[in-house]
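*Asks:* output the structure for:
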Amino acid sequence: MAKRIYHTLELNVGLSKLQVGFRRGRNCENQILKITQAIENGFQQKKMHRSVLVLLDFSSAHDIIRRQKLRLSMKGQGIQL
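*Replies:* Numbers count the residues shown, from 1 in each chain. Got it, this is the predicted structure:
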């Protein structure tokens, strides 16, 4: 079932390119490299702009989610369980 859900999410739902958690071939190291490159690019510009970085960690979020609401949301995304 996990493979079917993953396949549906990757191909049909069109997850954001920024989403790296729980995806094959992507990890937090990729995000660190992207952030580092964006900062470096900013320093190379003649006119500097202020940047804001927000990091969110939803560890253990799965423990508090309402299963019925999750099922309805997945069904709305085309994932049939």
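*Asks:* centre of this structure to the edge, which residue is at the far end?
*Replies:* Of all residues in the chain, Lys46 sits farthest from the chain's C-alpha centroid, using C-alpha atoms, centre = their mean; the distance is 31.5 Å.
*Asks:* contact partners for that one?
*Replies:* Residues near Lys46 by C-beta atoms under 8 Å, 6 or more residues apart in numbering: none. The way it works is simple: take the backbone N, C-alpha and C, and place the C-beta from them, glycine included.
*Asks:* poorly predicted segments of this structure, please.
*Replies:* The model of the chain has pLDDT under 70 over residues 12-14, 59-62, 81.
*Asks:* where do the strands sit along it?
*Replies:* With strands called from DSSP state E, the chain shows none.
*Asks:* longest helix anywhere in it?
*Replies:* helix 28-44 (DSSP state H).
*Asks:* give me the residue at the spatial middle of the chain.
*Replies:* Short answer for the chain (C-alpha atoms, centre = their mean): Gln19, at 1.9 Å.
*Asks:* can you tell me how far it is from Asn30?
*Replies:* 11 Å (C-beta to C-beta, to the nearest Å).
*Asks:* what does Phe22 give?
*Replies:* Taking C-beta to C-beta, one finds Phe22 at 13 Å from Asn30.
*Asks:* cool, and Leu53?
*Replies:* 16 Å.
*Asks:* what does Ile39 give?
*Replies:* In this view, Ile39 and Asn30 are 15 Å apart by C-beta to C-beta.
*Asks:* swap in Val20?
*Replies:* 6 Å.
*Asks:* so for these two, which residue has more residues nearby?
*Replies:* Val20 (16 against 12; other C-beta atoms under 10 Å).
*Asks:* burial of the nearest residue to the more buried one once chain neighbours are set aside, as a residue count?
*Replies:* Closest residue to Val20 apart from its sequence neighbours, by C-beta to C-beta, 6 or more residues apart in numbering: Arg26 at 4.0 Å. Residues lying near Arg26 (other C-beta under 10 Å) number 14.
*Asks:* great, nothing more from me.
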